[in-house]
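Enquirer: any chance you could fold what I've pasted below:
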Amino acid sequence: MKLECLVFDCDGVILDSVPVKTRAFARLAEPFGPEARDRFVMYHTVHGGVSRYRKFAWFFREVLGREITPEESEEWGRRFADYALDEVRRCALIPGAIEVLETWRGRLPLYVCSGAPEEEVRAVLAERGLADMFTGIHGSPPAKAELLARIVNGAGVAPEAALMVGDAVTDRDAAEQVGTRFYGVGPELKGGPFPWGPDLRGLNAWIEDHV
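Expert: The predicted structure is shown next:
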């Protein structure tokens, strides 16, 4: 079946923002000591694409030994944004990203499916002049698989006619659950049973072969 829809994660796929956000997670946990910080960074790294609020809840439960309160979750969300957003607004694009978006804009519907808060993703992409490239920009909540399913259903295409482009296991798992195709980006996904590239510079050629 030919591709009829392209769906992209944002951090690590469009924006080279993963290191920025990793530093923000480390900074949040720093007051609790180096072991707590390193555990939090490891959890974040392994669970790329998961909502930051779920990561905050994990840290309080597994590292601090108690449940996070709604007020603490909101405060950590504000602090995370303070630590990360300025850099995210200025960080580089993943190599090949703009070429892919410019090539397929107007030819196929393009969507963003991000684990970051939706309002934040929309604002950052608008500030970067990229929002108009997309038919829809979607973020958390909900979780990535549910979000991807909503995008595919809203686009009116069969799951196997959609391509999810992601840099994390969460993205790959969402594609498998929903039944879309998957293209992996970056070192975390190298060697999987799917097409892969270190960045997006090889993606245009792959799409051309499948439309």
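Enquirer: what packs against the lengthiest helix in the chain?
Expert: Identified as the longest helix of the chain according to DSSP state H is helix 70-90. In terms of contacts (3 or more CB pairs under 8 Å, 6 or more residues apart in numbering; DSSP states H and E), helix 70-90 is packed against helix 18-29, helix 52-58, helix 118-127. The C-beta positions use only the backbone N, C-alpha and C, and glycine is treated the same way.
Enquirer: could you chop this structure up by domain?
Expert: 5-16+92-208, 18-90 (automatic domain parsing).
Enquirer: just these: most buried one?
Expert: domain 5-16+92-208 (a mean of 19; mean count of other CB atoms under 10 Å).
Enquirer: how far out from the middle of the chain is it?
Expert: Computed by CA atoms, centre = their mean, to the nearest Å, the chain-centroid distance of domain 5-16+92-208 equals 8 Å.
Enquirer: now the end-to-end length of it.
Expert: 13 Å (CA to CA, to the nearest Å).
Enquirer: offset the numbering so it begins at 15, please.
Expert: All set: I'll call the first residue 15, so the last point we hit is now domain 19-30+106-222.
Enquirer: that one - what's its average pLDDT?
Expert: Average pLDDT, domain 19-30+106-222: 97.
Enquirer: quick revisit: CA-only coordinates of the longest helix of the chain in CSV, if you can.
Expert: In CSV, the C-alpha atoms belonging to helix 84-104 read as follows (Å, rounded to 0.1, in the frame of the first residue of the first chain):
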residue,chain,number,x,y,z
PRO,A,84,-0.9,18.0,41.6
GLU,A,85,0.7,21.2,42.9
GLU,A,86,4.2,19.7,42.7
SER,A,87,3.6,18.3,39.2
GLU,A,88,2.5,21.7,38.0
GLU,A,89,5.5,23.4,39.6
TRP,A,90,7.9,21.0,38.1
GLY,A,91,6.2,21.6,34.7
ARG,A,92,6.8,25.3,35.0
ARG,A,93,10.4,24.9,36.1
PHE,A,94,11.1,22.4,33.3
ALA,A,95,9.7,24.9,30.8
ASP,A,96,11.8,27.7,32.3
TYR,A,97,15.0,25.6,32.0
ALA,A,98,14.4,24.3,28.5
LEU,A,99,12.1,26.4,26.3
ASP,A,100,14.5,29.2,25.4
GLU,A,101,17.1,26.7,24.1
VAL,A,102,14.4,24.7,22.3
ARG,A,103,13.3,27.9,20.5
ARG,A,104,16.9,28.4,19.3
